[in-house]
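K.L.:
this one's structure only:
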Ligand SMILES: Cc1cc2nc3c(=O)[nH]c(=O)nc-3n(C[C@H](O)[C@H](O)[C@H](O)COP(=O)(O)OP(=O)(O)OC[C@H]3O[C@@H](n4cnc5c(N)ncnc54)[C@H](O)[C@@H]3O)c2cc1C
Ligand code: SF4
Ligand code: SF4
C-alpha cells in the first residue's frame, strides 16, 4: 500500500491529536539539526506520540506508507544522529518522560525513553543510589538517546558505559511490532539481541521503555586537581596512574584553550589561565581503598612536574569543579560561533603523540582546537572551532576533523568512543572497516529494517560501485 | 555583556524550559527560539504558528541560568517582542493594563479596583465585564486588601551624613500586598537598619518596558535612581522589581552618565532575603506557629535572574519553619509579569502544573513575587486546596512578631 504523506499524517493526527503533528516549515526548522551543526535538514514532519502504543501505531502507519522516520530524544547528539535525512519524519519522544517504577530490591529503575539522564540519579539519590552513566550532557540528554548512542561519561572509566547498565528494553521495530529484549536476571541472553540494539543509533528500532540498573552510592569520594605546564606531563601521569593498577572513577583533562572557555562560563573554578592542562581525578569506594588509591595517585602526579595539586575544600567546591568540566562544550560559545567536536579513541599510552599531531593538524588547517577529554580511557574530544558563516573555514574544519580520526585509527584506536557515527563519520567508517565488514553490517541492518526506513543515511556509508 | 555568547546548539537548556516541558516541542524550547530568532534576523518571514511559539516564552530566564555559554534567550525574545510589536499583535488588554499600572493614576486606580472587587455586589457586577483570565487571577487576591497604600514611617529619621537602607515598595506589591511592605520594613529595622522609604520612588518600570514603552521605563528608572541616591543599600522584596532594578544599565545605551548611575544603583540593590540572611534578627517569639510546614516556590526573577535561592531556606528554617521542597521549585508558575493576561492558555497549564507540585503535607507556600503569590493562590483555590500563599517575609514576620494568621 502506498499512501501520500499527507494522508498518513492525517491518520496520525487522528490517532495522537492534531497539536502533536507539526508540519509548519517555521517550526520544522527548529528540528533542522541537533548538537551537530554542520548539517541542517528539514524533516517532512515531526510527530509527538504520548506513549509506547502510540509510537507503535505511528510507526506502523509510516512503515506501511514506505515513509522513512527516526526517533529523537533531546537532540544533543554530536554526530547528527537526530537529523532527518531523506525527508524522514521525526518521532520526538519528549512526551514519554515518566519514571514508571523504582524497584530497590532489585536495584532497577523502569522508565520511558524521554526521561532525562540526570533525573534518574536525582530521583534515587535520597534512597542512597545513583545511575552511573553520566554523559556531560546529562542535564538534558534522554535515556533513550543514551541507549541508542551507548553513551559514556566521565565516571564510565570505572563503571562502564550505558550498555553495562541497561538490563532490558522494550522497542518498536521498523514495522511497528513491539518487542522486549534482555531480561531482569543477572546473566545476559545466550544471543545478545539487546547488545545489538544498544549503540545502534536508532537504526534498528525505537526504544519505548528502558530498565536500568542503579548502584549504591559509594561510601566515599575524593577528587584531586592537578595543574600542569606541559600537556605531555599531564598525559604521561594519566598512563602512569592506570599502570599502577588504580582505576579512578574518572580522569578528565582540559587544555589551555578549553580552560579559557569554561572560566567564562556559569561555573568558574579560578584556574590560572596560563596553565597548559588541568587533570581532574576522582576516586571512590570504601574509605580505606579510597585513601590508599589517593596516596598512589598523588605520589604519581608529583612525579610529573605539576605546577600544583589541590583538593577541594568542600563538597560544594568538588561539585563546582565537575560542573565546570561538564560545561566545557557549551562554553565554546564564548570562543567561537560554532564548534565541531571529535570523539576519537586511542590507546592511552599514545596520548602525548596524538595530541601533538592534532596540534599540527590545527596549524596546517589554520583553525583553533580546544581539547577536553576522558583521559582515563583514551577518549579524545578535540573541539574544532569555526564560524559557519565562513564557507572556507567550514570545509577546512571538516577536513581537519577527518584527519584527526585517521590519526586515531592509525594509532590502533577508533573513530568514535561515545558520540556515535551518525551522519558525521560515514566516510570515516571506511577507515576503520573493510568492505567485507561493512557488507556484514549492512546485512544485519537489512534484517532489522528491510525497507531501510529507520533513521536513513546514518552509520553505514553507501556501498561503493567498485569496492 | 549579555550579548557576548553564541548559542552552540548543545540543547542543555531544554529541560529547564517550562514551555518545552509542557509541550515537548523543540519549537517551544530556548534552542528552538534561538533558531527562530536567527532565521528572522536573516530576513526570513516566520509563520504565524512559529511566532506564536516564539512569543510563548515567559522570559523566566531558567534557560539563561543553565546555559553554559550564558546565551540570554529570554532577554532576546523580549527584545524581539518589543521591536516587532505589530508582528505578534499582543493582546491589547495586557498592553493597556501594564501601561496604565505603571502610571501613578493607574496605580491608585488599580488599588481602588482590587478593593472594590472584594465588595460582594460590585465584585459580581465587575467580574462580568472581565476576561476569564483576569477573573481567574482575582481568585488569588488576599481576602482583605488594606485601604491606604503603604505609609511606612521609619522608627528614626536619618540625620544628615547617615546613609540609610532604602526600601523599595513596588507598584503591584504595594497596591495588593501593602502588609508585606510593612513587614519588610519592620524586619529591616529589627536588624538595626536605619530605614528610609523615599516618597519620590516609583514603579520600577518593568511592566511598561515589557509592553514596549521604553521611554516610560527610562523616566521611572531615573526617578528611582534619584530617589535612592542617598541609600547605602536598596532592599527590594518583589523579585521582578529587583531583577529589573539591577538591569537599569541596559536602558541607557550610549548615555554614559546614566549608565554609570545605573551601575551604581545595581551595586546597591539587594533582595530582601539576601539582606536579612546576612543580618542578625531578634529572638523568636515563643508562641508555637500554627502553620509550621511550608514549601517554597522560587520566583523566576529571584532564582534565575538574581541567583538567590538558599537565603529563603535559611531564613525560614531559622524562624522555626520546616521546609518541604516541592519538585522543580524554580519552574515558572505562569504568572510572569502580565503573561497570564496575554497568554492565558499556557499560563493556565503552568499554574496547574505548579499547584500539582505543592506537596500534600504543607500548610503554606512561601514565595517572593506578587505575581506568583496571586497566581499560585488562585490555582490552589481552584483546586480546592485550603493553603495560604504568602511572601517569605510575611512568614518570617509572623514568627518574629506573633501570628495573626
Ligand atoms: C554538551 C554535550 C556534552 C556531551 N557529552 C557526552 C558525553 O560525555 N558522553 C556521551 O556519550 N555523549 C555526550 N554527548 C552526546 C549526546 O548527549 C549523547 O549522544 C546522548 O546519548 C544523546 O541523547 P539524546 O537524547 O539527546 O538523543 P538524540 O540526540 O535526540 O538522538 C541521538 C540518536 O539516538 C537516536 N534515538 C534517540 N532516542 C531514541 C530512542 N528512544 N530509540 C531509538 N533511538 C533513539 C536518534 O535517532 C539519534 O540517532 C554530549 C553532547 C553535548 C551537546
Ligand atoms: S541557549 Fe545555551 S544551553 Fe541552550 S542550546 Fe544554546 S548554547 Fe546550549
Ligand atoms: S526564558 Fe523561560 S520560557 Fe523563555 S526560552 Fe528561556 S526557559 Fe523557556
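P.N.:
Arrived safely. Just so we're clear, the structure is a prediction, and the values are computed from it rather than from any experiment. Ligands and ions are numbered 1, 2, ... in the order given.
K.L.:
Which residue, neighbours along the chain excluded, lies closest to residue B:244?
P.N.:
Nearest in space to residue B:244, with sequence neighbours left out and distances taken as C-beta to C-beta, 6 or more residues apart in numbering or on different chains, is residue B:206 at 3.9 Å. Glycine gets a C-beta too; all of them are placed from N, C-alpha and C.
K.L.:
do the same with residue A:429
P.N.:
Per C-beta to C-beta, 6+ apart, closest to residue A:429 is residue A:461, 5.1 Å.
K.L.:
can you give me the offset of stretch B:52-72 from its chain's centre?
P.N.:
16 Å (C-alpha atoms, centre = their mean, to the nearest Å).
K.L.:
and that stretch with ligand 3, contact?
P.N.:
Yes. Applying C-beta under 6 Å from any ligand atom, one finds stretch B:52-72 touching ligand 3 at B:57-63.
K.L.:
and the one residue in the stretch 101-250 of chain B that gets nearest to ligand 1, what is it in contact with?
P.N.:
For the stretch 101-250 of chain B, the residue closest to ligand 1 is residue B:243, as judged by C-beta to the nearest ligand atom, at 27.5 Å. Taking C-beta atoms under 8 Å, 6 or more residues apart in numbering or on different chains, we find residue B:243 in contact with B:206, B:301-302, B:305-306.
K.L.:
Going by neighbour count, which of the residues of stretch B:52-72 next to ligand 3 comes out on top?
P.N.:
For these, neighbours were counted using other C-beta atoms under 10 Å in any protein chain shown, and residue B:60 has the most, 29 neighbours in all.
K.L.:
so that residue makes contact with residue B:18?
P.N.:
Yes. Counting by C-beta atoms under 8 Å, residue B:18 is a contact partner of residue B:60 at 6.3 Å.
K.L.:
What does the pLDDT read for the residue sitting nearest the centre point of chain B?
P.N.:
Relative to the mean C-alpha position of chain B, the nearest C-alpha, by C-alpha atoms, centre = their mean, is the one of residue B:240, at 3.2 Å. Looking at residue B:240, its pLDDT reads 93.
K.L.:
Over to residue B:5?
P.N.:
In this model, residue B:5 carries a pLDDT of 62.
K.L.:
just residue A:418 next, same as before
P.N.:
Looking at residue A:418, the pLDDT reads 89.
K.L.:
The closest residue to it other than its chain neighbours and chain B: what is the separation?
P.N.:
Leaving out its chain neighbours, the residue that sits closest to residue A:418 by C-beta to C-beta, 6+ apart is residue A:152, at 3.9 Å. From residue A:152 across to chain B, the span is 17 Å (C-beta to the nearest C-beta, to the nearest Å).
K.L.:
Could I get the average pLDDT for stretch A:341-348?
P.N.:
Rounded mean pLDDT across stretch A:341-348 is 90.
K.L.:
Now find how far off-centre it is within its chain.
P.N.:
13 Å.
K.L.:
Contacts for it, please.
P.N.:
Contacts for stretch A:341-348 (C-beta under 8 Å, 6+ apart): A:78-79, A:238-239, A:242, A:329, A:354, A:375-384, A:401, A:404-405, A:407-409, A:411-419.
K.L.:
Narrow those residues to those in helices?
P.N.:
A:238-239, A:242, A:329, A:354, A:401, A:404-405, A:407-409 (DSSP state H).
K.L.:
Any stretches of chain B with poor pLDDT?
P.N.:
Along chain B, the parts satisfying pLDDT under 70 run over B:1-5, B:88-135, B:137-138, B:143-150, B:285-291, B:403-405.
K.L.:
Within range of chain A, give me the residues from it.
P.N.:
B:4-16, B:20, B:24-27, B:29, B:31-32, B:35-36, B:39, B:46-47, B:49-51, B:53, B:65-71 (C-beta under 8 Å from any C-beta of the partner chain).
K.L.:
neighbours around the residue nearest to residue A:418, how many?
P.N.:
Neighbour tally, residue A:152, other C-beta under 10 Å: 26.
K.L.:
Quick check on it: phi, psi?
P.N.:
phi -110, psi -170 (degrees, to the nearest 10).
K.L.:
Now do the contacts for residue A:26.
P.N.:
With C-beta under 8 Å, 6+ apart, residue A:26 has these contacts: B:27, B:36, B:39, B:46-47, B:49-51.
K.L.:
Could you do residue B:394 as well?
P.N.:
Going by C-beta under 8 Å, 6+ apart, the list of residues near residue B:394 reads B:179-180, B:183.
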